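*Asks:* let's see this in three dimensions:
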Amino acid sequence: MTDDEQLGKPEPISNAYTAFYWEGAAAGELRVQCCAACEHRQFPPNVLCEKCQSADLTHVVSSGTGTIYAKTVMHQAFHPAFADSVPFALVLVDLDDSPGVRIETNLVDSDPSAAQIGDAVHAVFEKRGDSVLPQFTLTKGGAA
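*Replies:* This is a model prediction of the structure:
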């Protein structure tokens with residue numbers, strides 16, 4: 001067994017700007033950065049508001065619902081730890097309650113070939129080692 005195979009799937013690395021996001025995921029919440037000055041929501045987290053350049057940033061808890069904006073299905077594992085997961089879908093999700101926020105994520109617990117652009121999805125949380133990752137799955141009932 002190689003070193004890569006022993007490592008397992010990669011885990012996120014938290015820092016001062018993303019800690020709220022990973023702490024939220026561990027609590028089962030999808031958190032989005034929000035500017036206290038202009039209320040603009042943004043993702044990924046940053047040091048300044050991308051709209052007004054304020055450094056007065058906080059976060060809000062999202063409903064975790066959204067719509068698939070784009071999708072690609074991975075048929076090849078580019079890391080040995082993902083070999084049992086192919087095929088899987090990578091999706092861009094537009095959050096319903098945070099206009100302009102688009103999250104790149106995995107589509108889990110759903111047939112990757114069945115997912116379509118415009119389908120409704122919701123956040124689920126995957127325990128991975130010592131971390132928890134927000135992922136998305138298709139919402140029963142179809143498109144938004």
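*Asks:* all contacts plus neighbour counts: C-alpha atoms, from now on.
*Replies:* OK.
*Asks:* low-confidence ranges, this protein, go.
*Replies:* Low-confidence segments of the chain, defined by pLDDT under 70: 1-7, 141-144.
*Asks:* which stretches in it count as strands?
*Replies:* Ranges of strands within the chain are 30-35, 41-42, 57-62, 65-74, 88-95, 102-107, 119-128, 131-143, based on DSSP state E.
*Asks:* against which helices or strands is the fifth one packed?
*Replies:* Using 3 or more C-alpha pairs under 8 Å, 6 or more residues apart in numbering; DSSP states H and E as the contact criterion, the elements in contact with strand 88-95 are strand 65-74, strand 102-107.
*Asks:* coming back round to it: can you list the strands of the chain in JSON lines and add distance to E23?
*Replies:* Below are these laid out as JSON lines (distance: least, C-alpha to C-alpha, whole Å):
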{"stretch": "strand 30-35", "distance to E23": "9"}
{"stretch": "strand 41-42", "distance to E23": "17"}
{"stretch": "strand 57-62", "distance to E23": "12"}
{"stretch": "strand 65-74", "distance to E23": "19"}
{"stretch": "strand 88-95", "distance to E23": "19"}
{"stretch": "strand 102-107", "distance to E23": "17"}
{"stretch": "strand 119-128", "distance to E23": "12"}
{"stretch": "strand 131-143", "distance to E23": "9"}
